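K.L.:
Here you go, sequence then predicted model.
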Amino acid sequence: MVYFIQESGNNSIKIGFTENSAEKRMKTLQVGMPYKLSVLAVMEGDIKEEKRIQRRFLKSRLMGEWFENTPELIGFIKDIQLKNTHIASRKVKHGSLKEKIEDLERDCIKSALMDSKWDVYKSADGLKITERQIRYKIKKYNLLYIKGLFK
């Protein structure tokens with residue numbers, strides 16, 4: 001799978017490939033990083049796909065697999081996030097009932113926040129929950145809003 005991981009220092013984005021999960025790869029990378037890392041998006045693909053995407057954004061390459069946070073790259077990642085949300089809404093997820101319910105809750109909160117342009121009050125009102133509840137859920141699911149992208 002091809003992953004997009006962002007570091008919180010200068011918001012640079014790593015475009016990489018892993019045969020494992022992006023979260024495991026992020027944890028491995030985090031050991032040597034002074035800033036917090038976040039997985040922005042993942043997509044199906046092999047090393048060839050990773051290299052194709054890296055060539056596409058060659059002008060914004062900082063070093064190795066790290067790229068500048070540009071509007072073009074952000075737009076590309078947003079498209080992947082939208083595709084993943086659409087696929088996830090159609091796919092039955094594996095795991096326990098509790099995990100499935102948490103995934104659904106996280107997706108609903110994320111969608112409400114995106115629809116309201118990250119307005120916590122409007123999102124809470126639309127979901128018929130309190131502001132305190134939605135703030136707790138944002139923290140619980142580690143939903144970050146960084147320059148138009150959700151983690």
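P.N.:
Looks like it arrived, so ask away. Numbering: from 1, shown residues only.
K.L.:
Report the central residue of the chain.
P.N.:
Nearest residue to the geometric centre of the chain (Cα atoms, centre = their mean): L40, 2.5 Å.
K.L.:
Correct me if wrong: that one contacts K78.
P.N.:
No: between L40 and K78 there is no contact under Cβ atoms under 8 Å: 9.3 Å. No exception for glycine: its C-beta is placed from N, CA and C like everyone else's.
K.L.:
just to revisit the earlier point, remind me which helix or strand the residue nearest to the centre of the chain belongs to.
P.N.:
strand 37-43 (DSSP states H and E).
K.L.:
partners of that strand, with directions?
P.N.:
The pairing partners recorded for strand 37-43 under DSSP bridges are strand 2-7 (antiparallel).
K.L.:
Which parts of this protein are strands?
P.N.:
All strands of the chain, identified by DSSP state E, fall at 2-7, 13-17, 37-43, 61-63, 66-67, 145-146, 149-150.
K.L.:
Now tabulate these in JSON lines and tack on distance to K27 and mean pLDDT.
P.N.:
Output for the strands of the chain, formatted as JSON lines (distance: least, Cβ to Cβ, whole Å; pLDDT from 0 to 100):
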{"stretch": "strand 2-7", "distance to K27": "11", "mean pLDDT": "92"}
{"stretch": "strand 13-17", "distance to K27": "13", "mean pLDDT": "95"}
{"stretch": "strand 37-43", "distance to K27": "9", "mean pLDDT": "88"}
{"stretch": "strand 61-63", "distance to K27": "21", "mean pLDDT": "95"}
{"stretch": "strand 66-67", "distance to K27": "18", "mean pLDDT": "96"}
{"stretch": "strand 145-146", "distance to K27": "19", "mean pLDDT": "52"}
{"stretch": "strand 149-150", "distance to K27": "20", "mean pLDDT": "50"}
